[in-house]
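**Q** mind folding the following:
(one chain, ligands or ions: 1)
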Amino acid sequence: MRPSTLFFSSVLVVFAFFGSSNCIHAQEFPNKPITMVMPYAAGGPGDAITRLFAGSMQKILGQQINVDNTSGASGSIGTAKVARSKPDGYTLLMIHVSHATNLAMYKSLSYHPVDDFEPIGLATNGPMVIVARNDFPPKDINDFVSYIKSHQSSISLANAGVGSASHLCGLLMMNVLGVKLNEIPYKGTGPALIDLMGGQVDLLCDQTSGTVLSIKAGKIKAYASANKSRLPSLPNTPSITEAGIKGLDINISFGLYAPKGTPKIVLEKLTLALQQSVTDPDIKKRLDALGISAVSLEQATPAYLRSHLKNEIETLNALLIKADIQPN
Ligand code: MLT
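**A** Numbers count the residues shown, from 1 in each chain. Take a look at the predicted model:
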């Protein structure tokens, strides 16, 4: 056999070996612990949802799922970490609206939310609520509106960074009330909630999955839910629409992603595990206690999440640009 033929045939053997070994690894997936990145700090709404699904999916997949809170830059640092991780299914991303908004908010984003990720499926939907430190003066939502308008320059409003859910809700609230408050960014609304309870910051518009338990425990107070109708989880809190204020109706969904190039057979196993979680009665009950809901089986699919993300990129970035929010 001529040397060149020998060389090419050995190259083919090598490719065949590595190709088939990747295929074998994909077939065996998962055979070691998985990391699920939550790109916001521990203790917030995203963290609560991520830990709930990590706990459920690890039982289904038979491998431990470790939650990694790599936070900062409104979720873009943790997201970038997943984008550059090995596409083998062992590093996943649980994220919400900031996967869309970071595209408009960061000029030098090191990843593209659509091109660098494989959607696995949507997981939850949930409302938001306007909360304050317990000794914030207004006694109810009507008092709140007049107080905010006359004290706006001295009021602080926490959020989890530009483009985060809490930032968007705060932005919409300031728009509909016609005020400009002092925005204080955190690495997640978990740390913001601690400062709210301690009185270091005045207001926060956050997801119920991060606030409903603190409201019910009397650690913070809720003025109104940021949507059209009163929430079953907060029956004594009016909706902002009930209070006569239109234009604030926000719902936050979380979805699960893997890095681009993750094998199809691995993605299918992850989607199946997610679908078993969203239909699990115990998970539904635990999400309900946080004031949020699991998505339907049809929504816990790659196609649905892909279209959901593209819709958020179009609609929310237009909102941010209209609000003249400058990219970082
Ligand atoms: C946000 O967008 O406000 C985040 O979800 C907050 C968090 O999860 O910490």
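**Q** which positions in this protein make contact with the ligand?
**A** Contacts of the chain with the ligand, taken as CB under 6 Å from any ligand atom, map to 40-41, 44-46, 96, 98, 160, 164-166, 188-190. C-beta: built from backbone N, CA, C; applies to glycine.
**Q** quick check, nearest of the residues you listed to residue 33?
**A** residue 46 (20.7 Å; CB to CB).
**Q** of the residues of the chain next to the ligand, buried ones?
**A** Using 16 or more other CB atoms under 10 Å as the burial test, the residues of the chain next to the ligand include 40-41, 44-46, 96, 98, 160, 164-166, 188-190 as buried.
**Q** mind putting the residues of the chain next to the ligand in JSON lines, pLDDT and distance to residue 132 included?
**A** Output for the residues of the chain next to the ligand, formatted as JSON lines (pLDDT from 0 to 100; distance: CB to CB, whole Å):
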{"residue": "40", "pLDDT": "97", "distance to residue 132": "21"}
{"residue": "41", "pLDDT": "97", "distance to residue 132": "21"}
{"residue": "44", "pLDDT": "97", "distance to residue 132": "17"}
{"residue": "45", "pLDDT": "97", "distance to residue 132": "17"}
{"residue": "46", "pLDDT": "97", "distance to residue 132": "21"}
{"residue": "96", "pLDDT": "98", "distance to residue 132": "23"}
{"residue": "98", "pLDDT": "96", "distance to residue 132": "24"}
{"residue": "160", "pLDDT": "96", "distance to residue 132": "17"}
{"residue": "164", "pLDDT": "94", "distance to residue 132": "19"}
{"residue": "165", "pLDDT": "96", "distance to residue 132": "18"}
{"residue": "166", "pLDDT": "97", "distance to residue 132": "14"}
{"residue": "188", "pLDDT": "96", "distance to residue 132": "19"}
{"residue": "189", "pLDDT": "97", "distance to residue 132": "14"}
{"residue": "190", "pLDDT": "96", "distance to residue 132": "17"}
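**Q** now, these that are in helices?
**A** 45-46, 98, 165-166, 189-190 (DSSP state H).
**Q** need the contact list for the closest residue to the ligand within the chain.
**A** Residue of the chain nearest the ligand, by CB to the nearest ligand atom: residue 44 (2.4 Å). By CB atoms under 8 Å, 6 or more residues apart in numbering, residue 44 lies in contact with 160, 188-193, 206, 210.
**Q** equivalent analysis for residue 26, please.
**A** Counting by CB under 8 Å, 6+ apart, the residues that residue 26 touches are 88-89, 263, 265-266.
**Q** swap in residue 131?
**A** Residues near residue 131 by CB under 8 Å, 6+ apart: 196, 203-206, 211, 214-215, 220-223.
**Q** for it, which residues make a bridge with it?
**A** Residues in a beta bridge with residue 131, per DSSP bridges, are residue 204, residue 222.
**Q** mind checking how far it is from residue 283?
**A** 25 Å (CB to CB, to the nearest Å).
**Q** which stretches of the stretch 201-328 of the chain form strands?
**A** In the stretch 201-328 of the chain, the strands defined using DSSP state E, counting those that start in this stretch lie at 203-207, 221-225, 251-259, 293-294.
**Q** which of these sits most buried?
**A** Stretch with highest mean neighbour count among the strands of the stretch 201-328 of the chain: strand 203-207 (a mean of 29; mean count of other CB atoms under 10 Å).
**Q** report all helices and strands that that one contacts.
**A** When contacts are defined as 3 or more CB pairs under 8 Å, 6 or more residues apart in numbering; DSSP states H and E, strand 203-207 sits against strand 117-132, strand 156-159, helix 165-177, helix 189-198.
**Q** and the angle from the third one to strand 203-207?
**A** Note on geometry: by axes from the mean of the first three to the mean of the last three CA atoms, to 10 degrees, helix 165-177 and strand 203-207 are set 120 degrees apart in direction.
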